[in-house]
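Asker: I'll drop the sequence and a predicted model, then ask my questions.
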Amino acid sequence: MFKQFTEHITGTQQYLLFSLSIFMVFFIVVSVLLIRLKKQHVEHMSGMPLNDNTLETEKNMQP
Amino acid sequence: MQPEKFYYDNKIVRNFGIATVIWGIIGMTVGLIVAIQLFHPAANMGNQYTTFGRIRPLHTNAVIFAFVGNAIFMGVYYSLQRLLKTRMFSDILSSIHFWGWQLIIVSAVITLPLGLTTSHEYAELEWPIDIAITLIWVVFGINMFGTIFKRRERHLYVAIWFYIATFVTIAVLHIVNSFELPISAFKSYYVYAGVQDALVQWWYGHNAVAFFLTTPYLGMMYYFLPKMANRPIYSYKLSILHFWALIFIYIWAGPHHLLYTTLPEWAQSLGVAFSVMLIAPSWGGMINGLLTLRGAWDKVRDDVVLKFMVVGLTAYGMATFEGPLLSLKQVNAIGHFTDWIIAHVHVGALGWNGFLTFAILYWLIPRIYKTELYSKKMAAFHFWIGTLGILFYAVPMYWSGFTQGLMLKEFNVEGMLKYPNFLETTMRILPMHVMRSIGGGMYLLGVIVMAYNLCRTALRGKLVANEAAEAMPLEPVYVKQTGDHWHRLLERKPIQLMIVSLLVILVGTFVELMPTLTISSNIPTIASVKPYTPLELQGRDIYIREGCVNCHSQTVRPFRSETERYGEYSKAGEFVYDHPFLWGSKRTGPDLQREGGKYGNAWHYNHLMDPRLMSPGSIMPNYDWLLNQTLDTTTTASKINAMRSLGVPYAIGYDKIANRDLDKQAKAIADNLGKDHIKVKSDKEIVAIIAYLQRLGTDIKANKTVSSNK
């Protein structure tokens, strides 16, 4: 499967290498940022959909 | 600070919901009709307006932009308000968005059967409608960003990022893929030609799947699944990684639709590499969804909404595993152009988009009507018949795809094609086509039952058009917290988030599109390739109008099985005057790139009148109206002029005498037909399309003769 890359892109490998390296850099930057996120903030964010702030009681809305 | 009272707009959500159901039924019914036509051509009702080539695009446009499109807006308008603790920015804009979108759909329903098409897949609508789409999309954008600006929640939940990425990327895709030169109110030519046009189209086509069928639905999953399961998403951090990795990688994968074509090799390899990588973020998202249900699997047993979600997510996982698999060249060599692709897209469309939409409708409609679902039994019936429908659809299509893909490549011991007649492979798969339409019918039945169930639900309740809510206003100045870093900053800055998303998708776009569009050495020219004659150009436009490209490709891949069957493999330089390219994506019938000179004019005449006269058992519909309709030659001059301004080397002033050449060539063909006792006037459309078919691929053949004479 990798043969097709090495055989067919002679002279234009830079496209593939360039693209893959951009992605690697991008991926690592996002990962580092994620690791540094605070737990409290993550909990706040993930709880967002569960809080609509509607005024009516939820009782008559249960299926 | 006092909490502020405000109202969520449920009416607009309800309206988009109704439109989703109605267009869903219409789009799927058209799908069922075209599926039946593939084993029973007479199901076109003997009518040009309801023939496969014209209404297959109607089916795809209706299910993608009408059914899924309205479902996206329903989900976005419901979740956006609640995640931002505010009403939509403007009720008027919401209304313009709703009615504008429905008008665009109606215009598609009218123009596509009339044969007014650009022929670019999933972008068939002609230029005035393209402009309308742009305007309505901008209205949607203003309404969305306006809502974000007046929010009462500082940070934007990940669902909203997906919505923003959807908005900005679809805008870029639509604009770049709509560079057309209009020649009349409903006819235009694409600015790009041949290989470049193909690359732009499949960069668009692939990313329409990514940013219309995937990212908005992922946003909806991240909002509705936690609501339905009543627990937060499994991993918020994973959802962020999912978002950035997905939007970055998806945009590169388009060229996997063009493997083994004349697209430069490096672009094909790049498309394959990124397609394989795409499995990581896709499965990350699916796993994040499924793990949200951890500890709640007992609910899945009772709750039909969660059942739909689980099957939908599983279908997403299957389709996104299969996508990278199909993009491997060896697999693609067999699967491409066959029913395998049809199975693949329908697992995604019926399973992922369909089932998520149904889950959201079943969850949402009772809530905004403040009542309970009319019948849980009917919903359970819908779930089971829908799931079985998907299986009955997909399994025969996989079988059909493997069967035909392998048959077309098979050689006998003498080294000759085992099935030299394409039709023989078609006949073998017809039973599978019958079963597929049964599967599709089952799925449609489920949707009709859902429509009834939801109607009864709405009738027993009362719409809460404006739902009261209360939240604290945002503090005017943000108080910086210790340990803030830039990603958190991004989460509260919508415009910056949009710009960063835009930059992320533009990286892949530029690396991939720019070299092919700008470096001429990527498309070597061939001296013997000449522009089409005026009659051939008119014939080509009839070919486009009738949607022949939906069943016939015009690109011969460099395999022995294809060069034996069709002739010399395609060269990039052959397509330089093709505005638009017509390579196609499916071979329901054989490839036509080397069709020129293969049969006589009389063969084509009879074949178009009734394909079964020449090919008994053929599933191609009759095109008998071409025999009677007169060719409109008043457009010839403007077509020649348009082509010239796009770079096709017609001499200055040729537009004025083009019809003279057209008449001459038409008379020669009519005389030739006369020798075979076929009486036809030279001004009929059939003559033009025969001229075009006889021209196909002959430039290279002529070249060959020259070189062999040397």
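Answerer: Received it, and whenever you're ready, just let me know what you need.
Asker: so residue B:469 sits in a strand?
Answerer: Yes: with DSSP: H, G, I helix; E, B strand; the rest coil as the criterion, residue B:469 is assigned to a strand.
Asker: how many residues are close by it?
Answerer: 22 (other Cβ atoms under 10 Å in any protein chain shown). Where you see a C-beta, it was placed from the backbone N, CA and C, and this is true even at glycine.
Asker: again with the one 5 residues further on
Answerer: By other Cβ under 10 Å, 16 other residues sit near residue B:474.
Asker: what's the answer for residue A:18, then?
Answerer: Neighbours of residue A:18 (other Cβ under 10 Å): 12.
Asker: from memory it sits against residue B:512, does it?
Answerer: No: counting by Cβ atoms under 8 Å, residue A:18 stays clear of residue B:512, with 11.5 Å between them.
Asker: residue boundaries of the helices in chain A?
Answerer: Applying DSSP state H to chain A gives helices spanning A:3-8, A:13-35, A:39-46.
Asker: who's in contact with the residue lying closest to residue B:458 once chain neighbours are set aside?
Answerer: Leaving out its chain neighbours, the residue that sits closest to residue B:458 by Cβ to Cβ, 6 or more residues apart in numbering or on different chains is residue B:369, at 5.4 Å. Neighbouring residues of residue B:369 by Cβ atoms under 8 Å, 6 or more residues apart in numbering or on different chains: B:457-458, B:460-464.
Asker: what's the answer for residue B:126, then?
Answerer: By Cβ under 8 Å, 6+ apart, the residues touching residue B:126 are B:111, B:116-118, B:186-188.
Asker: closest one of those to chain A?
Answerer: Nearest to chain A among the contacts of residue B:126: residue B:118, at 29.7 Å, using Cβ to the nearest Cβ.
Asker: pull the number of nearby residues for the nearest residue to that closest one once chain neighbours are set aside.
Answerer: Spatial nearest neighbour of residue B:118, chain neighbours left out: residue B:124 (5.7 Å); criterion: Cβ to Cβ, 6+ apart. By other Cβ under 10 Å, the residues close to residue B:124 number 23.
Asker: determine the three-state secondary structure at residue B:124.
Answerer: Three-state assignment for residue B:124 (three-state DSSP): coil.
Asker: that older thread, can you redo the helices of chain A as a markdown table with mean pLDDT?
Answerer: Listed next are these as a markdown table, based on pLDDT from 0 to 100:
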| stretch | mean pLDDT |
| --- | --- |
| helix A:3-8 | 49 |
| helix A:13-35 | 81 |
| helix A:39-46 | 88 |
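Asker: out of the ones you listed, nearest to residue B:674?
Answerer: helix A:3-8 (51.0 Å; Cβ to Cβ).
Asker: would you confirm that the residue nearest to residue B:118 contacts residue B:61?
Answerer: Yes: contact criterion Cβ under 8 Å: residue B:124 and residue B:61 qualify, at 6.5 Å.
Asker: mutual contacts of these two, please.
Answerer: Here residue B:124 and residue B:61 share the contacting residues B:108, B:112, scored by Cβ under 8 Å, 6+ apart.
Asker: look up the closest residue to residue B:430, ignoring the ones flanking it.
Answerer: Distance criterion Cβ to Cβ, 6+ apart; nearest residue to residue B:430, sequence neighbours excluded, is residue B:39 at 4.9 Å.
Asker: how about the secondary structure of that neighbour?
Answerer: Relying on three-state DSSP, one would call residue B:39 coil.
Asker: residues contacting it?
Answerer: Residue B:39 is in contact with B:430, B:433-434, B:437, B:619, counting by Cβ under 8 Å, 6+ apart.
Asker: tell me how far it lies from residue B:686.
Answerer: Distance of residue B:39 to residue B:686, computed by Cβ to Cβ, to the nearest Å: 26 Å.
Asker: for residue B:159, same thing?
Answerer: Here residue B:159 is placed at a distance of 54 Å from residue B:686 (Cβ to Cβ).
Asker: same check on residue B:187?
Answerer: Distance check for residue B:187 against residue B:686: by Cβ to Cβ, it reads 20 Å.
Asker: higher neighbour count, those two?
Answerer: Comparing residue B:187 with residue B:686 by other Cβ under 10 Å, the one with more neighbours is residue B:686, at 28 against 21.
Asker: contacts for the helix or strand harbouring the more buried one?
Answerer: In this assignment (DSSP states H and E), residue B:686 forms part of helix B:685-695. The contact list for helix B:685-695 (Cβ under 8 Å, 6+ apart) reads B:532-533, B:535-540, B:542-543, B:592, B:595-597, B:601, B:604-605, B:608, B:625-627, B:629-631, B:665-666, B:669-670, B:673, B:680.
Asker: what about 6 Å?
Answerer: Residues from elsewhere that reach helix B:685-695, judged by Cβ atoms under 6 Å, 6 or more residues apart in numbering or on different chains: B:535-536, B:538-540, B:542-543, B:595-596, B:601, B:604, B:626-627, B:629, B:631, B:666, B:669-670.
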